[in-house]
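J.: sequence? don't have it. structure:
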């Protein structure tokens, strides 16, 4: 491994992650302290009219997360939802109503979603508060050493490129946990050493997979933490 990894875990898992990071980023993998992503996919609007679903994701380290989703058709934006976590409180804004909670059970779903996206970009898993465990020659589990509820399973191809990330997730307004899957679904683009696929597949349980175009992707920009607190 030509970069420093502080993650704990068995040698096989650490080696697998190191090879995967080199396959994604080459010999200069960037540390990722924050991410700002805008994704979009075709959708259906009222009366079956064509629409665009947009997902805007922002995260800072493993402590702050925000996801804004909406649909736009004929220049009209509707169905706005926001799921945000500021390190202690979860905020959900949907259909004109806002819910706020700090209960552990309620914030797990949001933290799991944050953790899955961190795992998708690989290098956040080299931090010292991460525990890696080998499952087989192409699969590892990654979890933070502090929050035992959060974990992600990463499955790799024979050439060490990422095949998919899976994590347990309880979406807003759903009363049971399911499996969230993220996978690269397009060619890699590199901007300032930050390599990302131009399309990402996203699926929850047995729902149809969404293939989302990456319209914007920036790493390590300064995101004001006030944006995550919606109280």
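T.: Noted; the coordinates are in hand. The shown structure was predicted, so the numbers you read here are calculated from the model rather than taken from an experiment. Numbers count the residues shown, from 1 in each chain.

J.: what does the top helix by length along the chain rub up against?
T.: With secondary structure taken from DSSP state H, the chain has its longest helix at helix 104-120. Helix 104-120 has contacts (CB atoms under 8 Å, 6 or more residues apart in numbering) with 32, 35, 57, 59, 62, 65, 67, 83-85, 89-90, 101, 124-125, 142-144, 147, 149-152, 154, 162, 165-172, 177, 180, 182, 200. From N, CA and C alone the C-beta is placed, and that goes for glycine too.

J.: tell me the spacing between residue 57 and residue 34.
T.: Computed with CB to CB, to the nearest Å, the distance linking residue 57 and residue 34 is 11 Å.

J.: list the buried residues for stretch 32-48?
T.: By 16 or more other CB atoms under 10 Å, the buried positions in stretch 32-48 come out as 32, 35, 36, 37, 38, 39, 40, 41, 43, 45.

J.: so where do the helices sit in the chain?
T.: Using DSSP H, helices in the chain cover 11-25, 104-120.

J.: possible to save those as a markdown table with distance to residue 97 and mean pLDDT?
T.: Below are the helices of the chain laid out as a markdown table (distance: least, CB to CB, whole Å; pLDDT from 0 to 100):
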| stretch | distance to residue 97 | mean pLDDT |
| --- | --- | --- |
| helix 11-25 | 40 | 95 |
| helix 104-120 | 15 | 88 |
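
J.: rewinding a little: quick one: which two of the buried residues of stretch 32-48 are the most distant?
T.: 32 and 45 (34.6 Å; CB to CB).

J.: excluding chain neighbours, what is closest to residue 70?
T.: If the residues on either side of it in the chain are set aside, residue 70 comes closest to residue 80, at 4.6 Å by CB to CB, 6 or more residues apart in numbering.

J.: the one you found contacts residue 69, correct?
T.: Yes: counting by CB atoms under 8 Å, residue 69 is a contact partner of residue 80 at 7.3 Å.

J.: tell me the residue in this structure that is farthest from the middle.
T.: What lies farthest from the middle of the chain is residue 47; by CA atoms, centre = their mean that is 31.9 Å.

J.: could you measure from it over to residue 27?
T.: For residue 47, the distance to residue 27 equals 53 Å [CB to CB].

J.: cool, and residue 143?
T.: For residue 143 relative to residue 27 (CB to CB), the value is 27 Å.

J.: between these two, who's got more neighbours?
T.: In terms of neighbours (other CB atoms under 10 Å), residue 143 is the more surrounded of residue 143 and residue 27; the figures are 22 against 8.

J.: where does this structure dip in pLDDT?
T.: 1-3, 147-148, 169-177 (pLDDT under 70).

J.: count the neighbours of residue 164 for me.
T.: 17.

J.: for the residue lying closest to it once chain neighbours are set aside, name its beta-bridge partners.
T.: Spatial nearest neighbour of residue 164, excluding adjacent residues (CB to CB, 6+ apart): residue 183 at 3.9 Å. Under DSSP bridges, the beta-bridge partners of residue 183 are residue 201.

J.: check residue 56 too.
T.: residue 38, residue 68.

J.: just checking, it touches residue 80?
T.: No: look at residue 56 against residue 80 with CB under 8 Å: they stay out of range, at 10.6 Å.

J.: so which of the two has more stuff around it?
T.: Applying other CB under 10 Å to residue 56 and residue 80 shows that residue 56 carries more neighbours, namely 17 against 14.
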